[in-house]
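When you get a sec, could you give me coordinates for this:
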Amino acid sequence: MEQICSVCGSPLSKESNQYPIANGAICESCRKKCWSGLSHMELRSPENLRRHIESCKRSRAAIPYFHPTESAGDILYMDSTHKIWRLHSDILPFIFRFSDLWDYSVIGDKLILFVNSEWIDTVEIPHLTPQLQQRCVSLLKTILSSGRLAPTASKAQPPKIQTQPQTRPQIQPTPQRNVHLPPASAEVSPLSEKNNLRKGNSAKACAY
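Numbering: from 1, shown residues only. All right, here's what the predicted structure looks like:
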């Protein structure tokens, strides 16, 4: 009986690279769509990996629309307009929704984030100065308070957040366009901390 990828259903030959997961295996193409730092692959179910791949795709799609309104040094960046946030790319190269943050904990000079996502449960940020830690906590409180008002990923689709359309001298208003997600196989490109995060690349809609 021919073995197939537990995620996408493509055939798995003996010569091709296979990656074991719970109750099966996945192909090399699906593995590349996952975060390279994803741990315990052998314990993850096909459904868990499908949700993880979709989360990675949403994160890549949000990169052009992420313009931080507030930050804590070069550790934490928050975009209150689109209700998304991210950490320094050396810590974790992904963009999260406000509703993805469950809680946080302060232990000495260490900050621990508890994240509701398909790729990671906790993020540990050590060796913070008291001032930087206080600033991070202030932003995290804002993210938590706003995130509790947003629908969770398990109960609703991510909201489409639109900016105000520009006024143009037309008889009828121009309809908003939905943003097309990039191919799921595209590589995640870390944002440069000074240029890409602050570059004013205007966009009409964020599909994250």
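
How is this protein divided into domains?
Annotated domains of the chain cover 3-61, 66-157+187-199 [automatic domain parsing].

weakest of the ones you listed in terms of mean pLDDT?
Mean pLDDT per stretch puts domain 66-157+187-199 lowest among those, at a mean of 80.

Turn the domains of the chain into JSON lines, including mean neighbour count.
The C-beta positions use only the backbone N, C-alpha and C, and glycine is treated the same way. JSON lines is the format used below for the domains of the chain (neighbours: other CB atoms under 10 Å):
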{"stretch": "domain 3-61", "mean neighbour count": "16"}
{"stretch": "domain 66-157+187-199", "mean neighbour count": "16"}
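
ok, L113 to L87 distance?
The gap separating L113 from L87 is 8 Å, by CB to CB, to the nearest Å.

intersection of neighbour lists for the two?
123, 125 (CB atoms under 8 Å, 6 or more residues apart in numbering).

so where does the nearest residue to L113 once chain neighbours are set aside fall, helix or strand?
Nearest in space to L113, with sequence neighbours left out and distances taken as CB to CB, 6 or more residues apart in numbering, is V123 at 4.3 Å. V123 belongs to strand 122-125 when assigned by DSSP states H and E.

With L140 instead?
helix 130-147.

Show me what that helix is packed against.
strand 70-72, strand 76-79, strand 101-107, strand 110-115 (3 or more CB pairs under 8 Å, 6 or more residues apart in numbering; DSSP states H and E).

what's the angle from it to strand 110-115?
20 degrees (axes from the mean of the first three to the mean of the last three CA atoms, to 10 degrees).

and G9, what are its phi and psi?
Recorded main-chain torsions at G9 are phi 90, psi 0, according to degrees, to the nearest 10.

what sits against it?
Contacts of G9 (CB under 8 Å, 6+ apart): none.

The same query, at a cut-off of 10 Å, please.
27, 46 (CB atoms under 10 Å, 6 or more residues apart in numbering).

Quick check: which of the helices and strands packed on helix 130-147 is nearest to S138?
strand 70-72 (7.6 Å; CB to CB).

Which neighbours in the sheet does the closest one have, and how are they oriented?
If you go by DSSP bridges, strand 70-72 pairs up with strand 76-79 (antiparallel).

how much space is there between S10 and E2?
From S10 to E2 the distance is 11 Å (CB to CB).

To clarify, my last question referred to I63.
Taking CB to CB, one finds I63 at 38 Å from E2.

What values do phi and psi take at P93?
phi -90, psi 50.

and it, how far is that from V123?
12 Å.

Give me the common contacts of those two.
L87.

quick one: contacts for the closest residue to L43 other than its chain neighbours?
Spatial nearest neighbour of L43, chain neighbours left out: A22 (5.7 Å); criterion: CB to CB, 6+ apart. With contact set as CB under 10 Å, 6+ apart, A22 has these partners: 6, 40-46, 48-49.

swap the cut-off to 8 Å and go again
42-46.

picking that back up, between I63 and E2, point out the one with more neighbours.
I63 (20 against 6; other CB atoms under 10 Å).

And the helices in this structure, which stretches?
Applying DSSP state H to the chain gives helices spanning 28-33, 46-62, 130-147.

E70 is nearest to which of the ones you listed?
helix 130-147 (6.0 Å).

angle of the closest one against strand 101-107?
160 degrees.
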